[in-house]
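**Q** pasted the sequence and its predicted model underneath.
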There are 2 protein chains.
Amino acid sequence: MLLRSLRAAVSATASIAAVAGVLALMATPSTARADEGMWTFDNFPIQMVNDKYGTRIDQAWLDRVRNAAVRIQGCSASFVSDQGLILTNWHCVVGCAQELSSPQQDYVKNGFLTANREEEKRCPGQTAEVLVDIVDVTDRVLGAGVGLEGAAFNAARTAATNAIQTEACAGDPKFNCQVISFYRGGRFALYKFRRYEDVRLVFAPENQAAFFGGDPDNFNFPRYALDAGFLRAYEDGRPVESPGFLRWNPNAPAEGDPVFVAGNPGSTSRLLTMSQLERLRDQQLPITLIQSSELRGRLLEYSLTGDEAKRVSFDPIFGLENGFKAQYGQHQALLDPEFLGARREAETELRARVAADPNLVQQIGDPWADLERVQATARELYLPVRQLEQAAGGGSTLYQMARAIVRASKNTTMTEAQRARLVATVGAETPISMEMEEIRLRYWLSKTREYLTVDHPDVKTLLGRESPEALADRLISGTRMGDAAFRAQAAAMTTEQMAAADPLLAFIIANDAAASAIGARWAAEVNAPTARAAEKVAQARFAVYGTNQYPDATFSLRLSYGQVAGWSYRGVTVPAFTYMGGLYERATGAEPFNAAQAFIDNESRVNKDTVFDFTSTNDIIGGNSGSPVINAAGEVIGAAFDGNIHSLGGAYGYDGELNRTVSVSTAAITEALRNIYPSPHLLEELGVE
Amino acid sequence: MLLRSLRAAVSATASIAAVAGVLALMATPSTARADEGMWTFDNFPIQMVNDKYGTRIDQAWLDRVRNAAVRIQGCSASFVSDQGLILTNWHCVVGCAQELSSPQQDYVKNGFLTANREEEKRCPGQTAEVLVDIVDVTDRVLGAGVGLEGAAFNAARTAATNAIQTEACAGDPKFNCQVISFYRGGRFALYKFRRYEDVRLVFAPENQAAFFGGDPDNFNFPRYALDAGFLRAYEDGRPVESPGFLRWNPNAPAEGDPVFVAGNPGSTSRLLTMSQLERLRDQQLPITLIQSSELRGRLLEYSLTGDEAKRVSFDPIFGLENGFKAQYGQHQALLDPEFLGARREAETELRARVAADPNLVQQIGDPWADLERVQATARELYLPVRQLEQAAGGGSTLYQMARAIVRASKNTTMTEAQRARLVATVGAETPISMEMEEIRLRYWLSKTREYLTVDHPDVKTLLGRESPEALADRLISGTRMGDAAFRAQAAAMTTEQMAAADPLLAFIIANDAAASAIGARWAAEVNAPTARAAEKVAQARFAVYGTNQYPDATFSLRLSYGQVAGWSYRGVTVPAFTYMGGLYERATGAEPFNAAQAFIDNESRVNKDTVFDFTSTNDIIGGNSGSPVINAAGEVIGAAFDGNIHSLGGAYGYDGELNRTVSVSTAAITEALRNIYPSPHLLEELGVE
């Protein structure tokens, strides 16, 4: 699933065998392959696309799509009615469904269906954002860092960025202003979003309908997943008006039809240098895969201990397995000599062209050598910064909230508004499984001891004379952080009061100096020089190849183009479409290949010839989940929810022969709303008779 | 711990940060570094060692040591009295202690102490072997394969090997004759062992005494582990006479003293070619580490569910974590550019010297190119052969026994004696945790589906319409294979009878054709051409560098030399000795850093200045566990039980600056037998007053 991994720590295995196949990739931007690119809306290759596909894309078409595109936490979405109705993936709303559930009512398993708007339920913490303006701020951001290094560089950049954001939003809470980096620091732009803070769940099918095939089928195709869900944006207690919505086309596309995907791809690394890729390949990815596998084993065993354990662990295990599979695929791509060889050739060519131009050498220097030196530092610092800071807590929600509270208490520059938002966030009611929290903490503590060693001074402080298991037990059984009211109180305490009030807060306070220190070193010694050098690499690319390039993904709005198409690999051709009847053929009755109950109950009513899921050549990645798939007329015809197994190498490059986007069709959603989860009010709102 | 990993499937994190440091290695044999090598007893560099260390090693000294050296399952050992008393490591006898234990009497936790010989208990399946003869059979083995390829080559080699073994032992059950490969097929030798089949447990300390610090301290130093145990070989109900034993010296050595380690290093890969190493680095090791991490997480969570779960999972988790750490260290070595660069240079030099000699080219060809082609096949076949054959069952004991029974029923060339041995083996009483069996099966089934994909025909046969969890549950809850008597009966059944009698047997029968087929392909398409090419590489090495070389480890008797020494790494000097008082300082009271109860109870009696563990420069590896550490006079002064963290790269090369053997001193064992686990009868037998 193309869910953006929101936590650096939490990370992704499938027809993995296939990943290590031939993965081509962009050599140089000037020779970019067909259908490659996650383009910004201010630099979309309109003419090229229209020439290739005979479409009539123009600025007005792009503006309409941008106004309908919605960014939600970790995912993408779109307005599909003028009353704030939002289409996204089921797997983008399942977290909300899980939070709204209880041991008595499991909306994940049973689905969340509404008969009218009164039954729509607010998703805690959920927001929806629409991009309304883009302003280039490159000169101002780059200017702030001139002549500075390390922590001073970071501070100057942050100050400039904050100032730009504050000026642009002028304190209006209906907007969110964000300075976003493009081309690895080659460009910066202010993205201004209209923000909606009351987002309610409208429709989520049963998990077995949406996630049929589970982890084994994830990132695979053929696929039979109704991975769709609806939300609705509210303001002042009323559905928002959204006249710029995408019209719902209930008909499936045909093979070869041009299709566009508008959404927020989370992160790609196509512009990283070889030394950066090699560190990822040899250090960061293997350690992440190995550690997340152990956590996976722990959570899987826990999930088998009973019905309630199974219920509360469903979404966390999904997230973990999804991230594991994505990262496993990325690692396989970097282990492929042909794939990496092409990257090396491209870098060699760029460096040679820079070296051949004395002016460029004068202006740019040798950022590749700079980045190679940074990797040596990164290799030294990675294990401690990972264990003590980036992945600290092992994904424990309470740990993360407690650390946010502790750090806010020490932060002297926080505004009242920021503090109020923190109190609101940590003080919100949210169901927390204390068993899962304890598993995560003991996993993290034991891995930290293992990777940093028993005799590391920070490990000694962390554990004292306790074992990871006993410490995790003491912290979780003793903490009051599971109580939302206490969390809100704690957010107003001094550090001393916190330490006296709660063992988990006390634990974090006792270890925070070490964690913050290594985090600061990473920022100053890795992030800062990386940003400086990456800016130079970007300048080199602009100078050599011009500006007809797309930037790496940064969870900001992009548009990709392509066509509906299957693919062939090793002599096997995979067709572009699946049909609803195929689900009944694939179902074995055993999890995760059991058909959803409503599919079974309504089998006789379902039109089995309806296109279920389909693949297209669009270039997307995690974060694009829920993105509207749009036809040439600007109508929505599906929601992207996955890539095929070959797309996992897409973090580092796009192969037009193999890389495919997987989407659920509006045809299948319409059929489901008619005959499986009858929802006449939604059909009416979507304009379907 | 240097336990040889007995199951390919079951694999091996620690001050891991340190492994990725500078690891030097043998460049060419002619420039072999000091103290490097696991030498066979028929090619030990006597003169070189005597010159360097001023010792007087001669053939008689070597023969005495060889006669005292004992090979046991997965480990090494030595006779230390003339009445069959065998010294080894606790971690080599803990499996026996676990098998002899019950929910009522936990010999692992409480130790196994005897007051006299009547209390010694037979270890199920344990044997002890002493090497009595070595005969070179190279010409006969190589001759058998001439002109053959693939399966025919394998069959001819196997037939020749079997014939040599059968002739040499002449049916005498007191001997075991084994043809062993050296130099990756450059030499073959018949090793004839005197074999003892009644081996009893004499002494095992509490696990917290032997394994203080647990997995976090494993492969680390300073160390405070009484990793020693005693066995006794019996024949005809009486202790065997062992006049060639090693005399017990209860005094610790001094820094710089020459020391020798005689034992059975399991496996090194120092003679592999670059293409072979790269496949290990990029495919086999990462997949093994990732999968074993998940199993580790599953078993760790299970172990926390109760006292009995903790008890039965102790030894399996130890084995898994030990293997994981060793393999993690190996992977780190292969990821070290300097380490691998030196290997590449050495290979380039050897290839250049071969290429410069037309006669050699004529004789040898280009086996490096051959091996590179084999790697492409190995990459294709690895996932299926791993999941369906090599690692099938996920380490389930019942699965392994059931498969042995099924395959024996189809084997038309098995002798009566072999069949009788199988019945005796599977029919022996052994405690089996059905919970652990089920965890292993569902782990294996789910990983097999994940890595081979849902739609792989063999996966479809494996799972049918069941989930991995439901299938594992059905097989384990339904099988009678937990009953030793049933196993013995099953071993006499026809395949049809088995399929009707037991669901686990039926399951294995249903899937055995696919498993055997992929195993046969691996043997014919990977093993056979690898053997052919490796034989040529060995010939090239002999031709270019002469015969003053040591072969890769093959779990056969070797002798390594060196001196008692600590080491320095990144400015930190680690002394060679720890003292018994240090244990009390390191103990925190929390597992696994809690002192053993007997250590606590007897603290006032313990001489805290006694040397506990010590390090030396000897070149050893997993399988050497329990090896006697011998001084220049031929006396035993310790038992090797571990390497330091730097030694994990020893699978691929030896660095004299950093690679250290870790041993428990006879001084500490003596002190323990006096004042912690008082055993006057053992002290008397060891000749200690």
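**A** Perfect, thanks for sending it.
**Q** and stretch A:273-281, how far out from the chain's middle?
**A** Centroid displacement of stretch A:273-281 relative to its chain, using Cα atoms, centre = their mean, to the nearest Å, is 21 Å.
**Q** and it, anywhere near chain B?
**A** No. Judged by Cβ under 8 Å from any Cβ of the partner chain, stretch A:273-281 stays clear of chain B, getting no closer than 8.8 Å. For glycine as for every other residue, the C-beta is placed from the backbone atoms N, C-alpha and C.
**Q** what average pLDDT does that stretch get?
**A** Averaging pLDDT along stretch A:273-281 gives 98.
**Q** and if you look at stretch A:90-100?
**A** The average pLDDT within stretch A:90-100 is 96.
**Q** from the middle of its chain, how far away would it be?
**A** With Cα atoms, centre = their mean, you get 15 Å for stretch A:90-100.
**Q** same question for stretch A:204-218.
**A** On Cα atoms, centre = their mean, the centre of stretch A:204-218 falls 19 Å from that of its chain.
**Q** end-to-end on that stretch?
**A** End-to-end distance of stretch A:204-218: 19 Å, with Cα to Cα, to the nearest Å as the criterion.
**Q** tell me the mean pLDDT for it?
**A** pLDDT averaged over stretch A:204-218 gives 97.
**Q** doesn't residue A:233 belong to a strand?
**A** Yes. Judged by DSSP: H, G, I helix; E, B strand; the rest coil, residue A:233 forms part of a strand.
**Q** can you pull the contacts of it?
**A** A:70, A:79, A:84, A:86, A:128, A:196, A:198, A:199, A:239, A:240, A:242 (Cβ atoms under 8 Å, 6 or more residues apart in numbering or on different chains).
**Q** phi, psi of the fifth one?
**A** Which is residue A:128. phi -140, psi 130 (degrees, to the nearest 10).
**Q** wait, isn't it in contact with residue A:196?
**A** Yes. Using Cβ atoms under 8 Å, residue A:128 is in contact with residue A:196, at 4.5 Å.
**Q** the two - which one has more neighbours?
**A** residue A:128 (27 against 23; other Cβ atoms under 10 Å in any protein chain shown).
**Q** how about the contacts made by the more buried one?
**A** Residue A:128 neighbours (Cβ under 8 Å, 6+ apart): A:70, A:71, A:72, A:77, A:86, A:195, A:196, A:199, A:231, A:233.
**Q** which of these fall within strands?
**A** Counting by DSSP state E, the contacts of residue A:128 place A:70, A:71, A:72, A:77, A:86, A:195, A:196, A:199, A:231, A:233 in strands.
**Q** quickly find the element holding the closest residue to chain B within the stretch 51-200 of chain A.
**A** Per Cβ to the nearest Cβ, residue A:109 is where the stretch 51-200 of chain A lies closest to chain B, at 16.2 Å. Here residue A:109, judged by DSSP states H and E, is contained in helix A:107-110.
**Q** near residue A:375, how many residues? Count them for me, please.
**A** 22.
**Q** in this structure it contacts residue A:272, no?
**A** No. Using Cβ under 8 Å, residue A:375 is not in contact with residue A:272; the gap is 10.5 Å.
**Q** was I right about residue A:541 contacting residue A:350?
**A** Yes. Counting by Cβ under 8 Å, residue A:350 is a contact partner of residue A:541 at 6.8 Å.
**Q** any common contacting residues for these two?
**A** With Cβ under 8 Å, 6+ apart, residue A:541 and residue A:350 have no common neighbours.
**Q** any regions of chain A where pLDDT drops low?
**A** Within chain A, the segments meeting pLDDT under 70 span A:1-33.
**Q** contacts only, for residue A:688.
**A** Applying Cβ under 8 Å, 6+ apart, the residues near residue A:688 are A:248, A:250, A:670, A:673.
**Q** for residue A:594, the count of nearby residues, please.
**A** By other Cβ under 10 Å, 17 other residues sit near residue A:594.
**Q** check residue A:482 too.
**A** Counted with other Cβ under 10 Å, residue A:482 comes out at 18.
**Q** try residue A:551
**A** Residues lying near residue A:551 (other Cβ under 10 Å) number 25.
**Q** that one touches residue A:182, doesn't it?
**A** Yes. If you go by Cβ under 8 Å, residue A:551 and residue A:182 touch, sitting 3.8 Å apart.
**Q** which ones are touching the residue of the stretch 51-200 of chain A closest to chain B?
**A** Going by Cβ under 8 Å, 6+ apart, the list of residues near residue A:109 reads A:206, A:207, A:208, A:311, A:314.
**Q** after the helix or strand containing the fourth one, which helix or strand is next?
**A** Spelled out, it's residue A:311. Following DSSP H and E, one finds residue A:311 within helix A:307-334. Remark: after helix A:307-334, the chain's next helix or strand is helix A:337-355, criterion DSSP H and E.
**Q** that following helix vs helix A:307-334, what angle?
**A** 60 degrees (axes from the mean of the first three to the mean of the last three Cα atoms, to 10 degrees).
**Q** so helix A:337-355, near chain B or not?
**A** No. Figure legend: helix A:337-355 not in contact with chain B (Cβ under 8 Å from any Cβ); closest approach 8.7 Å.
**Q** try stretch A:205-216
**A** Yes. Using Cβ under 8 Å from any Cβ, stretch A:205-216 comes into contact with chain B via A:213, A:215, A:216.
**Q** got the contact list for whichever residue of chain A sits closest to chain B?
**A** The nearest approach of chain A to chain B comes at residue A:297, 2.5 Å away (Cβ to the nearest Cβ). If a contact means Cβ under 8 Å, 6+ apart, then residue A:297 has B:293, B:294, B:295, B:296, B:297, B:298, B:299, B:300, B:301, B:443 as its contacts.
**Q** will you turn these into JSON lines that also has secondary structure?
**A** Output for the contacts of residue A:297, formatted as JSON lines (three-state DSSP):
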{"residue": "B:293", "secondary structure": "helix"}
{"residue": "B:294", "secondary structure": "helix"}
{"residue": "B:295", "secondary structure": "helix"}
{"residue": "B:296", "secondary structure": "helix"}
{"residue": "B:297", "secondary structure": "helix"}
{"residue": "B:298", "secondary structure": "helix"}
{"residue": "B:299", "secondary structure": "helix"}
{"residue": "B:300", "secondary structure": "helix"}
{"residue": "B:301", "secondary structure": "helix"}
{"residue": "B:443", "secondary structure": "helix"}
